[in-house]
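*Asks:* pasting the sequence and the predicted model now:
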Protein chains: 2
Amino acid sequence: MTKRKTLIDVATAAGVSKMTASRALRGDRDVSAASKERVIKAAKEIGYFGNNLAASLSSERSDIIGVVVPSLTNIVFPQAMSGVSDALVGTGLQPAFGVTDYDLDREYEVVGRMLSWRPAGMIVTGVDQSAPTRQLLSEAGIPIVQIMDSDGDAIDSIVGFSHRAAGTEMAQALLKKGRQRFGYIGCNLQSDLRAGRRRQGFEDALRQSGLNFEASLTRECLSSVGDGRALTQQILTENPDLDCIYYSNDDVAFGGLCYCLHSGMGVPDRVALSGFNGLGILQGFPGLIATSTTLRRDIGHAAADIIVGSLKAAKRASQTIIMQPQTLLGALDETP
Amino acid sequence: MTKRKTLIDVATAAGVSKMTASRALRGDRDVSAASKERVIKAAKEIGYFGNNLAASLSSERSDIIGVVVPSLTNIVFPQAMSGVSDALVGTGLQPAFGVTDYDLDREYEVVGRMLSWRPAGMIVTGVDQSAPTRQLLSEAGIPIVQIMDSDGDAIDSIVGFSHRAAGTEMAQALLKKGRQRFGYIGCNLQSDLRAGRRRQGFEDALRQSGLNFEASLTRECLSSVGDGRALTQQILTENPDLDCIYYSNDDVAFGGLCYCLHSGMGVPDRVALSGFNGLGILQGFPGLIATSTTLRRDIGHAAADIIVGSLKAAKRASQTIIMQPQTLLGALDETP
DNA sequence: GTGAAAGCGCTAACAT
DNA sequence: ATGTTAGCGCTTTCAC
C-alpha cells in the first residue's frame, strides 16, 4: 500500500499551507471561500481522511462517547445502545461500545481501556461498579452517566429507574387482582443484580400481605424462551396450585406462556404470568403476559443528550432522570 | 480536576526514565525485575492509565478492530458482535462498533470515521458497500473481513454464506414435502438486501417447479413478531388456500405462528411456516417453524480470528470461509 | 486571512 | 538494562 495521505499532501495539492488546510477542513470560518473550496476539493481528490489520533492528541479531546453494557445477547442493551447512537447522529460525536459480560473485573478493564482513548463522555450500565471502576470514572473529568438503574449511588448523572420499585408495583397490582399463590422463575440472577432487585421488591410487597413465593426456580443461563418454557413446566408440575408466576424478564415469561398454551392451561385465568421490559415478542399473544414496560431507547437517548448538553455547557451539573416503568396487566385488567 | 498523569509522572515517581517506565508498563522483557516492579507500583499509586492516542500515533497502529453493522435492533447483529467480542478477549485487541441503519451513505461515513482511528482491522457487514466505501477499505492497508454474506465481491476476506442458496434450499425442501401454494411475507426488504436475495433464491426454486408465490405481502417496518402476526392474518384471510408461507426471518414467522395457534389453524399440517436464522425464540414452540440456522456468533468469531491471525502473520492472505445455513424442517420432517 | 513554530504523550531507533 | 533523540500528524498560539 502507498503511504497514507496527510494534511501536508492536501495542503500541497491545494497550494496552501498545512494550517490553512486544517482550518478549511474543520470548517473554521477564518478561511477565504476560495481557499476553502480548493482545499476540500484537493482532499477529496487525493482521498484524504484525517487522523483522529493526531487530532485528538493535539486538541486534548476526542469525539468518542464510551458506552459500556453488560451483554449484547440480551436485546434490551442493544436497544439502549441504539438510542445512544441515534442521539449522537449529527452531533459530531461517535459512540464506542464495550461489553463486560456482567463481570466487574472485565468492566474495570473495559472502562480503563476506553478512558485511555480520552473519550468526551462515558455511559455505563447500572450502579454496581466496583470501587476502583468508580474511582477511574469519577477522576476522568468527563461527564459520566449511569443508565438503566437508580437503586444505588450516582457517580455523576443517572438515567434509569428503580428495579426494586418496579417489582413492588407489579406485585401489588397482581395482589389487587386476587392472586395469592406465587411462584418465581429467574435466569442469570447471579450476575444480573437488577433482576435480583426486582425480585426483592416483589417479595417485599408479598410479605406485606403476609405472603411469600411458594416456589422458586432459578438457573444460571442466559435468559431465553426455551429455558422459560422448561422451567415453567417444572414449576407447574411440582406446584400445580400456583396462580401466578413472576419471571426475571419477558423472554423467560414468554417461554412460560408457550408452555401453558401448549398444555392447554388457561392464561391468565388459571395462572397469571408476569415478566419485565415490555418486549416486542409479547405482541405474539397480546395482553396475555403482564409486564413492566421500560423505555430502553429513551434512556439511551437521554443519557447521550445529557453528555452532549454538558459538553456544550460552561459548567456541568449532575442530573438524575427517572423513567419509571409502567405496569401493564393486559388481559388481567379485564378481570375484576 | 487535576492534570492528568503522564508517563513522566510515573517515571519520576519510580525514579527511572520515561523510556524504562514505558517498557515496564508494556511488559517488554528488557527491563530488570526490580525496575519493572517499582514502575508498576508507582503507576498504580498515582492512578496512571496511559493515553492510547499518543501511543497509537507514535507506534502507527492501534489495538482497535472496527466492526460495522447495519442495525442493533435485529438481534442477529449483536450476536455476531458478541462472537467478535469473545474472540478478541485476551488478544489485547478491542472491538469498536459502528451502526449504519442500513444506509449506504451512513456506512461510508461510519467507515471513514473508524478508519481515521487507524484500526488494526475492520469487520463490515455484507458485500453491498458503495464503491467509495469499498475504496476506503481496500486502501486502508489493514485486514478487512466482510461477514454474513457471500453473494458478492470480496474486498479482502469473507466469512458468511449465500443467502440466495439458503432460500433455494429451503424452497426445495418444502417442495419435496409436497407444498404447492406459497405465500411470502417480508419486512424491511428495501434496506435488507440479504432478505431479498433469500426471497430470490426461493423464487428460483419455485420457478424451476413451474410455481411462483401466489401472494406476497411486504412492509417497510423493522421485522417484528407483531408485524408477522398482523401480516399473516391478512395474507391467510385473502388467500385461504396457501399451504406454505416463507418469511423474511424468524421474528416475523414466529408472529405468524402465534396468529395460527390463536386462530386454531394447524401448523404445519394445514399451513407450513418457514423463517430464517434459527433464533432462540423458536424454542417457544419447538419444531413448528421450518428455518435455516445461521451461525452468527461463529461467523463473528471467525472474522475476528482472521484479523488476529493476519496481524500476526508475516504476509497476509485473503480467505473466504463459507458457513452455510442448515435447513431444519422440524415437525414437517415427520410428515411423509 | 494566512503562516511558522511549538508541542500534545507516547514509542522506535539508536546509543551506552 | 537503561537513557537519549527524534518524530508520529495534527492543533494551538502567536505572528504577520
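*Replies:* Good, I have the coordinates.

*Asks:* C-alpha only now, for contacts and for neighbours.
*Replies:* Noted.

*Asks:* quick one, phi psi at A:N277?
*Replies:* phi 120, psi -30 (degrees, to the nearest 10).

*Asks:* count of neighbours near it?
*Replies:* 21 (other C-alpha atoms under 10 Å in any protein chain shown).

*Asks:* got it, and A:Y108?
*Replies:* Neighbourhood size, A:Y108 [other C-alpha under 10 Å]: 20.

*Asks:* over to A:R164?
*Replies:* As a burial measure, A:R164 scores 22 neighbours (other C-alpha under 10 Å).

*Asks:* and it, what helix or strand is that in?
*Replies:* Per DSSP states H and E, A:R164 falls inside helix A:163-176.

*Asks:* do A:F77 as well
*Replies:* Per DSSP H and E: A:F77 is located in helix A:76-88.

*Asks:* and the helix or strand following that helix with chain B, contact?
*Replies:* Scanning forward in sequence from helix A:76-88 by DSSP H and E, the next helix or strand is strand A:94-99. Yes: judged by C-alpha under 8 Å from any C-alpha of the partner chain, strand A:94-99 comes into contact with chain B at A:95-99.

*Asks:* the helix holding A:F77 and chain B in contact?
*Replies:* Yes: shown here: helix A:76-88 in contact with chain B (C-alpha under 8 Å from any C-alpha) through A:78-79, A:81-82, A:85.

*Asks:* can you list the weak-confidence ranges in chain A?
*Replies:* For chain A, the stretches with pLDDT under 70 are A:1-3, A:336.

*Asks:* walk me through the domains of it.
*Replies:* Chain A breaks down into these domains under automatic domain parsing: A:7-50, A:62-161+A:296-324, A:163-293.

*Asks:* okay, how far is it across the longest one, tip to tip?
*Replies:* Spelled out, that is domain A:163-293. One end of domain A:163-293 to the other measures 12 Å (C-alpha to C-alpha, to the nearest Å).

*Asks:* and it, anywhere near chain B?
*Replies:* Yes: legend: contact between domain A:163-293 and chain B by C-alpha under 8 Å from any C-alpha is shown at A:224-226, A:229, A:254-255, A:258-259, A:262, A:280-285.

*Asks:* for those residues, work out which two are farthest apart.
*Replies:* Greatest spatial distance among the residues of domain A:163-293 next to chain B (C-alpha to C-alpha): A:H262 and A:G280, at 20.7 Å.

*Asks:* and the residues of helix A:76-88 next to chain B, which is closest to DNA strand D?
*Replies:* Using C-alpha to the nearest atom of the strand, A:S85 comes nearest to DNA strand D of the residues of helix A:76-88 next to chain B, at 23.1 Å.

*Asks:* setting the sequence-adjacent residues aside, check what's closest to A:A331.
*Replies:* The shortest distance from A:A331 to any non-neighbouring residue, by C-alpha to C-alpha, 6 or more residues apart in numbering or on different chains, is to A:G287 (5.0 Å).

*Asks:* again with A:L211
*Replies:* Excluding the flanking residues, the one nearest A:L211 by C-alpha to C-alpha, 6+ apart is A:Q180, at 7.6 Å.

*Asks:* what do you get for A:E107?
*Replies:* A:T100 (5.0 Å).

*Asks:* same deal with A:L242?
*Replies:* In space, A:L242 is closest to A:R181, 4.9 Å off (C-alpha to C-alpha, 6+ apart).

*Asks:* what sits against that neighbour?
*Replies:* A:213-214, A:241-244 (C-alpha atoms under 8 Å, 6 or more residues apart in numbering or on different chains).

*Asks:* just A:I147 next, same as before
*Replies:* Here A:I147 is in contact with A:123-127, A:158-160, A:299-300, A:303 (C-alpha under 8 Å, 6+ apart).

*Asks:* what's across from it in the sheet?
*Replies:* Taking DSSP bridges as the rule, A:I147 bridges to A:T125, A:V159.

*Asks:* and it, how far from A:I321?
*Replies:* Distance from A:I147 to A:I321, counting by C-alpha to C-alpha: 9 Å.

*Asks:* and for those two, which residues touch both?
*Replies:* Common neighbours of A:I147 and A:I321 (C-alpha under 8 Å, 6+ apart) are A:158-160.

*Asks:* I'd like the residues you listed as a markdown table, with neighbour count and distance to DNA strand D appended.
*Replies:* Below are the shared contacts of A:I147 and A:I321 laid out as a markdown table (neighbours: other C-alpha atoms under 10 Å in any protein chain shown; distance: C-alpha to the nearest atom of the strand, whole Å):
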| residue | neighbour count | distance to DNA strand D |
| --- | --- | --- |
| A:I158 | 30 | 29 |
| A:V159 | 27 | 30 |
| A:G160 | 30 | 34 |
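
*Asks:* for chain A, which segments are assigned as helices?
*Replies:* With DSSP state H as the criterion, chain A has helices at A:7-14, A:18-26, A:33-46, A:52-59, A:76-88, A:104-115, A:131-138, A:163-176, A:193-208, A:225-238, A:250-262, A:296-312.

*Asks:* my read: A:G201 touches A:S162, true?
*Replies:* No: A:G201 is beyond contact range of A:S162, at 9.5 Å (criterion: C-alpha atoms under 8 Å).

*Asks:* for B:R134, find the nearest of the domains of chain A.
*Replies:* B:R134 lies closest, by C-alpha to C-alpha, to one member of these: domain A:7-50, at 12.5 Å.

*Asks:* show the contacting residues for the residue lying closest to A:P95 once chain neighbours are set aside.
*Replies:* The shortest distance from A:P95 to any non-neighbouring residue, by C-alpha to C-alpha, 6+ apart, is to A:I65 (4.7 Å). If you count contacts by C-alpha under 8 Å, 6+ apart, A:I65 has them with A:93-96, A:119-123.

*Asks:* could you rerun that using 7 Å?
*Replies:* Residues in contact with A:I65 (C-alpha atoms under 7 Å, 6 or more residues apart in numbering or on different chains) are A:93-96, A:119-122.

*Asks:* beta partners of it?
*Replies:* A:P95, A:G121.

*Asks:* ok, it to DNA strand D distance?
*Replies:* Plainly put, A:I65 is 18 Å away from DNA strand D if you go by C-alpha to the nearest atom of the strand, to the nearest Å.

*Asks:* what do you get for A:A290?
*Replies:* Taken as C-alpha to the nearest atom of the strand, the span from A:A290 to DNA strand D is 53 Å.
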